[in-house]
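*Asks:* Provided below are the primary sequence and the corresponding predicted coordinates.
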Amino acid sequence: MNAMNIIHGINYAALAIAILYPVYVAPEQAFTLYYTGKPWERTWNCSAEKADAMCGMREDGMTWKQIAKAMGMKTANSAHSYYVHYRR
């Protein structure tokens, strides 16, 4: 067994985690999960005021993509995640 076989094995394991994990797992998170055996921890650096503003935008009919752009976030999924987290 050489080093390339080991590297490919790790890559396949991370791919399997990314596909089969019950919730969405990004490739980087799959590697973290493989190496540590623990799910990652999210840090919510969004204030309650910002979350309330996002809720208002959503109720006004804006799409997640528009909200993400207005709030300076990278993706619409980020805006939706914050919305769901603060609605709990």
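*Replies:* Arrived safely.
*Asks:* Show me which parts of stretch 55-62 are buried, residue by residue.
*Replies:* 57, 58, 62 (16 or more other C-beta atoms under 10 Å). C-beta: built from backbone N, CA, C; applies to glycine.
*Asks:* could I have stretch 16-31 exported to CSV, CA atoms only?
*Replies:* Only the C-alpha atoms of stretch 16-31 are listed here, as CSV (Å, rounded to 0.1, in the frame of the first residue of the first chain):
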residue,chain,number,x,y,z
ALA,A,16,-19.3,9.0,1.1
ILE,A,17,-19.8,11.2,4.2
ALA,A,18,-20.9,14.1,2.0
ILE,A,19,-23.4,12.0,0.1
LEU,A,20,-24.8,9.9,2.9
TYR,A,21,-24.8,12.2,5.9
PRO,A,22,-28.4,13.0,7.0
VAL,A,23,-28.0,16.8,6.5
TYR,A,24,-26.1,18.8,3.9
VAL,A,25,-22.4,18.5,4.3
ALA,A,26,-19.9,20.6,2.3
PRO,A,27,-16.7,18.8,1.2
GLU,A,28,-14.6,20.7,3.8
GLN,A,29,-17.0,19.7,6.5
ALA,A,30,-16.9,16.0,5.3
PHE,A,31,-13.2,16.0,5.8
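*Asks:* contact partners of it?
*Replies:* Contact partners of stretch 16-31, identified using C-beta atoms under 8 Å, 6 or more residues apart in numbering, comprise 10, 14, 15, 33, 34, 40.
*Asks:* C-terminal to the lengthiest helix in the chain, which secondary structure element comes first?
*Replies:* Criterion DSSP state H: the longest helix present in the chain is helix 3-20. Past helix 3-20, heading to the C-terminal end, the next element that is a helix or strand (DSSP states H and E) is helix 27-36.
*Asks:* in that following helix, what counts as buried?
*Replies:* Those would be 29, 30, 31, 32, 33, 34, for helix 27-36 by 16+ other C-beta under 10 Å.
*Asks:* element containing residue 52?
*Replies:* Using DSSP H and E, residue 52 falls in helix 48-59.
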